[in-house]
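Trainee: Give me coordinates for this.
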Amino acid sequence: MATSDQVTAERSTTTAMAADGVLLNPRTYEAADLDPEARRLMLATIEFFESRGKEVLKEHDRDLVWYADFLEFVKRERVFATLLTPAAEAGEDRERRWDTTRICAFNEISAFYGLAYWYTWQVSILGLGPIWQSENEAAKRRAAELLSDGAIFAFGLSEKDHGADIYSTDMVLIPDGEGFRANGGKYYIGNGNLAGMVSVFGRRADVEGPEGYVFFAADSQHPAYRLVKNVVNSQSYVSQFELEDYPVRPEDVLHTGPAAFDAALNTVNVGKFNLGFASIGICEHALYEAITHADQRVLYGMHVTDFPHVRQAFTDAYARLVAMKLFGERAIDYMRAAGPEDRRYLLYNPITKMKVTTEGERVIDLLCDVIAAKGFEKDMYFEMAARDIRALPKLEGTVHVNMALVLKFMANYLFNPAEYEPVPTRNDPGDDEFLFRQGPARGLGKIRFHDWQTVYQGFAHVPNVARFLEQAEGLRTLLTTAPPDEEQQKDLEFLLTLGELFTMIVYGQLVLEEAALRELAEDTVDQIFDVFVRDFSAYTVELHGKASSTDAQQDWALGHIRKPVVAEDRFASVWSKVRGLAGAYQMRS
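Mentor: Purely as a prediction, here's the structure:
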């Protein structure tokens with residue numbers, strides 16, 4: 001006779017298979033939308049972690065073990081070489097290309113098992129960015145060869161005293177007749193201990209202003225490269241290093257002048273996009289662990305998942321996580337469709353970095369409120385998730401940096417739409433070479449977008465989409481009848497909340513676009529927007545309470561608080577999908 005646990009697992013797996021099919025489940029993952037070689041790499045990565053097991057995963061995390069075995073796997077299977085080499089640098093190997101769909105799939109899978117494994121990949125992407133954007137053919141050949149040999153890379157931008165403020169870099173290059181001698185330090189540089197090439201940003205001592213910027217490639221094993229320490233308590237090596245009369249030869253120079261500045265920002269556009277997908281992977285694993293634990297636990301004669309507040313927390317967490325995944329997948333399409341005449345990705349990119357990652361924190365908080373003390377136990381994946389999910393919104397200059405960027409697009413997005421051909425799902429094999437020729441990092445306020453209202457109107461029959469659309473249209477009313485005055489336009493405290501309201505409209509738009517492409521069940525769409533209606537209302541209350549808000553703005557805020565449309569049958573339907581995830585996945589021991 002089957003045990004009760006076996007029956008629960010069988011019931012859960014069957015139910016989960018009938019659910020929305022949005023979340024990654026290593027038990028059932030087939031990578032069907034990827035090419036055969038990428039599929040092989042994703043499945044091999046899953047098998048690497050699953051065969052090594054959860055016990056070793058947790059042991060290495062606790063003991064801060066450098067992930068040499070993972071990097072050996074990467075080298076053996078040519079993971080980074082295949083996924084991170086643009087086709088132009090791949091020679092005769094047609095499997096190697098820069099394909100954002102494949103890259104984001106690996107983001108999600110690697111983070112699903114631990115942020116440290118994702119991090120060494122992520123900072124390699126950043127380190128490669130200035131190299132692949134360069135016209136230095138020798139440096140690009142060297143990078144391609146190093147990838148083939150299993151090397152990792154690093155991005156030497158931030159400094160201890162200046163953070164990522166590249167205007168204030170203290171990495172100084174002094175001409176020496178043949179090239180330069182570089183002196184200065186970099187701080188918080190992942191992979192700085194073993195990177196085959198470190199892309200380092202600095203400035204010439206003899207040239208003032210933007211013309212003096214330089215990006216160059218350094219070797220972390222060179223005698224003039226002094227590794228100071230690992231600045232974090234982690235498996236990852238997040239280094240502080242100093243260059244002491246480091247010889248920069250002409251063949252090491254990647255960019256000079258304003259092009260070096262642009263390379264820094266454009267690399268961030270490419271590399272920091274990955275943050276959102278890491279959050280998704282972490283939350284997926286945590287959700288499986290939390291719902292499985294809660295559904296098996298009995299308190300006061302009831303399964304924990306029978307308590308109404310627990311069901312609400314899990315359902316909200318699921319709705320938020322599905323929305324994260326939908327937005328991220330649709331943002332990939334715009335990254336891959338980008339070109340000189342279509343730069344919409346420059347709005348969706350910071351929202352992926354900012355909104356998806358902060359939503360990840362909210363998902364983990366909801367789950368943590370349910371599993372409580374269990375989430376702190378040393379043998380739980382959740383203990384890693386609760387710690388690591390906090391890092392992701394902070395790895396790109398904090399949320400306010402991205403929000404300031406997002407606000408540049410608000411006027412054109414809300415009031416001045418343009419015509420574009422529809423962007424299809426972009427899981428076709430292809431090399432996203434435009435990402436390495438993005439051009440000058442300016443003119444953001446001139447970028448235009450397709451009409452955001454179209455997709456909302458297409459879902460207007462869904463009750464909470466219709467209610468959220470009322471709120472979204474109200475933001476345009478606010479900006480035309482009671483816009484921020486001159487002082488408020490300088491008040492970042494006020495603008496951050498205004499930006500949250502605007503961000504929600506963009507976020508909801510791409511969620512709906514992806515939901516339409518996937519033909520996602522309408523009950524799940526309705527539940528997602530139940531959450532969005534509440535969130536928008538909370539931000540209006542926050543705007544009302546700002547010290548600088550005017551009477552007209554306060555009246556607007558109170559007039560746009562909405563309660564979601566309540567539907568018990570819809571909630572019960574979505575909750576059944578969430579509960580069906582109990583036992584659907586558990587990492588091998």
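
Trainee: make it CA atoms for all contacts and neighbour counts henceforth
Mentor: Noted.

Trainee: And the closest residue to Tyr117 other than its chain neighbours, which helix or strand is it part of?
Mentor: Counting by CA to CA, 6 or more residues apart in numbering, Tyr117 lies nearest to Ser110, which is 5.8 Å off, once chain neighbours are set aside. Using DSSP states H and E, Ser110 sits in helix 100-113.

Trainee: Can I get that helix in CSV, CA atoms only?
Mentor: In CSV, the C-alpha atoms belonging to helix 100-113 read as follows (Å, rounded to 0.1, in the frame of the first residue of the first chain):
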residue,chain,number,x,y,z
THR,A,100,19.4,36.0,-25.0
THR,A,101,16.8,33.3,-24.8
ARG,A,102,19.4,30.7,-24.1
ILE,A,103,21.3,33.0,-21.7
CYS,A,104,18.2,33.7,-19.6
ALA,A,105,17.3,30.0,-19.5
PHE,A,106,20.7,29.4,-17.9
ASN,A,107,20.2,32.4,-15.6
GLU,A,108,17.1,30.8,-14.2
ILE,A,109,18.5,27.3,-13.9
SER,A,110,21.8,28.3,-12.3
ALA,A,111,20.1,30.6,-9.7
PHE,A,112,17.5,27.9,-9.0
TYR,A,113,20.3,25.9,-7.4
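
Trainee: Number of residues surrounding Glu486?
Mentor: 8 (other CA atoms under 10 Å).

Trainee: That one: what secondary structure?
Mentor: coil (DSSP: H, G, I helix; E, B strand; the rest coil).

Trainee: what's the answer for Ala582, then?
Mentor: Strictly by three-state DSSP, Ala582 counts as coil.

Trainee: can you check Lys229 too?
Mentor: strand.

Trainee: Bridged to it, which residues?
Mentor: Gln240 (DSSP bridges).

Trainee: Now do the contacts for it.
Mentor: Applying CA atoms under 8 Å, 6 or more residues apart in numbering to Lys229 gives the contacts 239-241.

Trainee: would you turn these into JSON lines with distance to Phe155, neighbour count and pLDDT?
Mentor: Output for the contacts of Lys229, formatted as JSON lines (distance: CA to CA, whole Å; neighbours: other CA atoms under 10 Å; pLDDT from 0 to 100):
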{"residue": "Ser239", "distance to Phe155": "11", "neighbour count": "22", "pLDDT": "97"}
{"residue": "Gln240", "distance to Phe155": "12", "neighbour count": "23", "pLDDT": "98"}
{"residue": "Phe241", "distance to Phe155": "12", "neighbour count": "23", "pLDDT": "98"}
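
Trainee: want to throw the residues you listed into a markdown table with distance to Phe201?
Mentor: Output for those, formatted as a markdown table (distance: CA to CA, whole Å):
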| residue | distance to Phe201 |
| --- | --- |
| Ser239 | 15 |
| Gln240 | 14 |
| Phe241 | 13 |
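
Trainee: Of those, which is the nearest to Tyr413?
Mentor: Closest approach between those and Tyr413, by CA to CA: Ser239, at 39.9 Å.

Trainee: As a check, name the ranges of all strands in this structure.
Mentor: Assigned by DSSP state E, the strands in the chain fall at 153-156, 172-175, 180-190, 197-204, 213-218, 225-230, 238-248, 253-256, 298-299, 302-303.

Trainee: can you give me the helices for the stretch 251-400 of the chain?
Mentor: For the stretch 251-400 of the chain, the helices defined by DSSP state H, counting those that start in this stretch cover 258-271, 274-296, 308-336, 345-351, 357-371, 381-388, 398-407.

Trainee: separation between the residue nearest to Tyr117 and Glu47?
Mentor: Taking CA to CA, to the nearest Å as the measure, Ser110 falls 12 Å from Glu47.

Trainee: out of the two, which sits in the busier spot?
Mentor: Ser110 (25 against 13).
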